[in-house]
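Chemist: predicted model, plus sequence, below.
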Amino acid sequence: MPEIETLPDWLEKEPIGAIEKIELLTVRLPFVAPFGTSVAVWNCKEALLVRMEDHGLTAWGECVADPDPFYASETTSTARHMLKDFLLPELKPGLTLAALLRRFDRVRGHQMAKAALENALLDLLAKRRGLPLHTLLGFQPRRVMSGISIGIQETIAKLLEKVEEATASGYHRVKMKIQHGQDVEWVEAVRKRFPDLPLMADANGDYSLADTAHLARLDDFALTMIEQPLSYHDIYQHSLLQAQLKTPLCLDESIHDLGDAEAAIALKSCRVINIKQGRVGGVLAAAKMARLCASNGIPAWSGGMDETGIGRALNIQLQAAPGFILPGDTSETSRYFHEDIVEPGVFLAGDGFIEIPPGPGSGVEVVPERLERYLLHREQVG
Ligand code: OSB
Ligand code: MG
């Protein structure tokens with residue numbers, strides 16, 4: 001495997017230092033519309049947040065886990081447990097961020113909990129220097145290409161309406177969720193109406209190898225990729241399926257770390273990888289994975305977990321890293337929430353790009369009265 005370029009050296013040199021106060025908060029924000037997938041329908045985003053206060057600065061991290069284990073095994077409760085009992089106790093002022101993350105390796109799995117703490121620390125370190133996070137990490141600023149993920153709809157007509165709205169807003173590609181019984185005909189209908197649209201389908205693991213012939217029918221519709229058709233923990237069977245399909249496969253749920261990405265690339269299980277920083281243990285791991293993908297000719301993109309503005313801002317900063325070549329699942333705030341807890345929100349320019357916010361850290365600020373409105377729980381943990 002080619003060598004992966006290293007991240008900035010301050011990671012190995014500068015101690016994190018003392019942090020005056022650390023809190024865990026839970027918020028619940030209603031969605032503008034239910035988000036349906038083959039594994040669950042979500043009506044709101046419930047998220048665990050990490051808040052740090054230090055010398056007048058406030059930094060935030062968001063855990064991408066849901067309250068339920070339907071997308072991934074981690075939940076907001078397991079993440080709270082891991083943070084309180086195993087991860088936060090490792091945070092010592094003398095440690096560098098790189099050393100802290102190595103200590104996290106002793107805790108098996110729980111990538112989403114690890115990422116939430118790393119996110120908050122990166123936001124704090126960047127704010128201490130007054131730099132946007134992408135600058136702190138040495139990524140060149142750029143405008144981020146946006147895509148949209150459309151949940152399972154009740155009817156094909158409703159789906160076509162949603163796709164129409166997305167193309168009118170300027171999204172660079174449309175992802176539609178599919179599941180048994182709502183797949184080939186639904187994709188066909190969208191493709192007929194939008195012959196040139198960059199279109200992909202995400203199954204969230206709804207199929208098995210017994211469905212190979214059925215999935216091969218999707219080859220007729222020039223999809224840019226099919227995301228996670230098989231089980232959430234499979235890499236091998238995807239290699240067998242990919243060998244039978246013309247359409248590139250993309251892995252999401254199955255990829256938790258660099259080793260998984262290496263295995264998927266070596267086995268030819270996919271030709272594209274969806275990198276969610278929360279799922280792979282944080283922004284630094286995600287940036288490394290994007291480089292690994294680039295050096296193997298695998299286009300990568302940044303996925304989303306319907307995050308609040310805190311997590312979405314992180315995903316935007318991340319997409320300045322080399323290797324994020326395809327449009328991600330980062331959509332406008334108004335697609336998810338009537339009101340988000342941060343400012344500025346995410347907007348598409350007319351040409352479907354998102355500007356990286358210029359402020360320090362993640363580039364967004366939490367609005368206190370909005371936080372109060374959606375707050376379920378708050379506790380000090382450090
Ligand atoms: O599979 O990519 C997925 C949202 C929640 C859980 C899983 C997925 C998604 C999305 C939406 O597709 C991505 C987004 O708009 O943030
Ligand atoms: Mg997915």
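Modeler: Happy to help now that I have it. Ligands and ions are numbered 1, 2, ... in the order given.
Chemist: just the strands in the stretch 1-150 of the chain please.
Modeler: Along the stretch 1-150 of the chain, counting by DSSP state E, counting those that start in this stretch, strands occupy 21-36, 41-54, 57-63, 144-145, 148-150.
Chemist: which elements pack onto the stretch of helix or strand residue 273 belongs to?
Modeler: Assessed by DSSP states H and E, residue 273 sits inside strand 272-275. Using 3 or more C-beta pairs under 8 Å, 6 or more residues apart in numbering; DSSP states H and E as the contact test, the elements touching strand 272-275 are strand 249-251, helix 283-295, strand 300-302. To be clear about C-beta, it is placed using only N, CA and C from the backbone, and glycine gets the same treatment.
Chemist: name the strands paired with it and say parallel or antiparallel.
Modeler: If you go by DSSP bridges, strand 272-275 pairs up with strand 249-251 (parallel), strand 300-302 (parallel).
Chemist: so, in contact with ligand 2 or not, that strand?
Modeler: No. Strand 272-275 lies apart from ligand 2 when judged by C-beta under 5 Å from the ion; the minimum separation is 5.9 Å.
Chemist: in PDB, list the C-alpha atoms belonging to that strand.
Modeler: Presented in PDB, the C-alpha positions along strand 272-275 are these (Å, rounded to 0.1, in the frame of the first residue of the first chain):
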ATOM      1  CA  VAL A 272     -15.900   4.300  -4.200                       C
ATOM      2  CA  ILE A 273     -15.800   5.000  -0.400                       C
ATOM      3  CA  ASN A 274     -18.200   7.100   1.600                       C
ATOM      4  CA  ILE A 275     -16.100   8.500   4.400                       C
END
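Chemist: report the rounded mean pLDDT for that strand.
Modeler: Mean pLDDT, strand 272-275: 98.
Chemist: cool, and stretch 253-267?
Modeler: The average pLDDT within stretch 253-267 is 98.
Chemist: burial measure for the closest residue to residue 268 other than its chain neighbours, as a count.
Modeler: Closest residue to residue 268 apart from its sequence neighbours, by C-beta to C-beta, 6 or more residues apart in numbering: residue 239 at 5.5 Å. Per other C-beta atoms under 10 Å, the neighbour tally for residue 239 reads 17.
Chemist: next, residue 239: secondary structure please.
Modeler: Under DSSP: H, G, I helix; E, B strand; the rest coil, the three-state class of residue 239 is helix.
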